[in-house]
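> sharing a sequence plus its predicted fold:
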Amino acid sequence: MSTAATTPGTLYLVPAPLDFGCDTQTPLQDALPEGTLQTAARLTHWICENAKSTRAYLKRIDALHPLAAALQAQQITELPREVHKKGDHGGAGHATFDARPLLAPALAGHAMGLVSEAGMPAVADPGSSVVRAAHDLGIPVVPLVGPVSLLLALAASGLNGQEFAFTGYLPQDAGQRTQRIRELESLALKQGQTQLFIETPYRNAALWQSLLQTLQANTRLAMASGITLPTARHASRLVRQWRQQPDAPDNRTPTVFAIGR
């Protein structure tokens with residue numbers, strides 16, 4: 001006697017607050033809608049970057065909406081480290097990561113959550129391989145509403161929001177970084193396409209100096225630091241104005257940079 005096929009559970013893309021690694025935390029209810037927090041509280045199966053920080057996030061949710069299962073009973077699976085280093089889609093000489101085995105609970109009927117360290121998973125963070133695998137397996141995908149640092153920074157920059165590109169991290173090597181800045185500036189000035197990029201904390205100062213030294217005087221440079229925090233900064237000026245008043249972003253705080261015209 002055959003049994004009916006199990007209806008797969010939904011994969012929810014759960015945003016996290018943007019205060020990861022910061023000295024202060026934003027109250028969750030100020031950064032995330034109630035609907036997102038309520039949905040997250042109902043989930044018991046997770047895919048994440050880091051289990052420890054995911055548990056810390058769930059503890060914050062539990063203080064507002066009791067979790068469906070105790071923290072110790074939550075099923076949390078980390079993405080492999082190779083995904084963090086090489087990216088979801090591999091790279092030169094590397095195979096694309098197959099995330100389908102991570103979605104076994106969803107195929108068994110459990111709703112699952114995909115969460116990153118900060119912001120929207122799969123956007124400037126690992127996770128797109130999981131989303132792609134869910135589509136391939138016929139698992140419904142539902143993105144929940146929450147903060148996306150790139151779009152918040154773009155909206156506050158005064159730069160072209162109709163055509164823009166996110167280019168990830170710039171090279172750490174000074175010479176390569178200078179060359180990349182010039183390439184992005186050329187795109188921004190010739191095509192009017194805003195160029196967004198980020199840097200890890202404690203490297204902001206080096207990148208900032210490279211930008212001021214390399215960019216043309218009339219290029220507009222914007223930065224958004226500590227987005228959604230009480231100490232958030234949004235500033236957008238011509239490079240020549242920044243050079244006159246070099247008010248650099250905090251070296252410890254996650255920052256989004258943008259250049260354009």
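Ah, there it is.

> burial check on residue 101, number of neighbours?
8 (other C-beta atoms under 10 Å). Any C-beta I mention is one placed from the backbone N, CA and C, and that applies to glycine too.

> would you mind listing the buried residues in stretch 114-128?
114-128 (16 or more other C-beta atoms under 10 Å).

> show me where the stretch 51-200 of the chain has its helices.
51-62, 81-86, 104-107, 128-137, 149-155, 174-191 (DSSP state H, counting those that start in this stretch).

> the ones you listed: which one's closest to residue 17?
Of all the helices of the stretch 51-200 of the chain, helix 51-62 sits nearest to residue 17, with 7.8 Å by C-beta to C-beta.

> only alpha carbons, please: show that closest one as CSV.
Only the C-alpha atoms of helix 51-62 are listed here, as CSV (Å, rounded to 0.1, in the frame of the first residue of the first chain):
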residue,chain,number,x,y,z
ALA,A,51,25.8,28.0,15.2
LYS,A,52,27.0,30.0,18.2
SER,A,53,25.9,33.3,16.8
THR,A,54,22.6,31.8,15.6
ARG,A,55,21.8,30.5,19.1
ALA,A,56,22.6,34.0,20.4
TYR,A,57,20.1,35.5,17.9
LEU,A,58,17.5,32.9,18.8
LYS,A,59,17.9,33.8,22.5
ARG,A,60,17.1,37.4,21.6
ILE,A,61,14.0,36.3,19.7
ASP,A,62,12.9,34.1,22.6
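
> what's the spacing between it and its chain's center?
The chain centroid and the centroid of helix 51-62 are separated by 17 Å, computed with C-alpha atoms, centre = their mean, to the nearest Å.

> show me the two of the buried residues of stretch 114-128 that sit farthest apart.
The span of those, defined through C-beta to C-beta, is set by 118 and 128 at 16.1 Å.

> distance to residue 214 added to the helices of the stretch 51-200 of the chain, as CSV?
As requested, the helices of the stretch 51-200 of the chain are arranged in CSV below (distance: least, C-beta to C-beta, whole Å):
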stretch, distance to residue 214
helix 51-62, 35
helix 81-86, 28
helix 104-107, 46
helix 128-137, 31
helix 149-155, 20
helix 174-191, 5
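
> among those, which is nearest residue 5?
Minimum separation from residue 5 across the helices of the stretch 51-200 of the chain (C-beta to C-beta) falls at helix 104-107, 9.9 Å.

> which residues are contacting the closest one?
6, 8, 9, 10, 11, 45, 75, 112, 134, 137, 139 (C-beta atoms under 8 Å, 6 or more residues apart in numbering).

> show me the two of those residues that sit farthest apart.
75 and 137 (17.9 Å).

> any idea how far residue 219 lies from residue 169?
Going from residue 219 to residue 169 by C-beta to C-beta, to the nearest Å gives 20 Å.

> out of those two, which sits in the more crowded spot?
residue 219 (19 against 14).

> what distance do you get for the more buried one to residue 121?
32 Å.

> just to revisit the earlier point, could the helices of the stretch 51-200 of the chain go into CSV alongside mean pLDDT?
Converted to CSV, the helices of the stretch 51-200 of the chain look like this (pLDDT from 0 to 100):
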stretch, mean pLDDT
helix 51-62, 96
helix 81-86, 69
helix 104-107, 97
helix 128-137, 96
helix 149-155, 97
helix 174-191, 97
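
> out of the ones you listed, which gets nearest to residue 69?
helix 51-62 (9.8 Å).

> for that closest one, packing partners?
helix 34-42, strand 75-78 (3 or more C-beta pairs under 8 Å, 6 or more residues apart in numbering; DSSP states H and E).

> tell me which residues of the longest one are tucked away?
Neighbour-count burial for helix 34-42 flags 36, 37, 39, 40, 41 (criterion: 16+ other C-beta under 10 Å).

> the last one now?
Residues of strand 75-78 classed as buried under the neighbour-count rule (16+ other C-beta under 10 Å) are 76, 77, 78.

> swap in stretch 169-177?
170, 177.

> start to end distance for it?
Between the start and the finish of stretch 169-177 there is a gap of 10 Å, counting by C-alpha to C-alpha, to the nearest Å.
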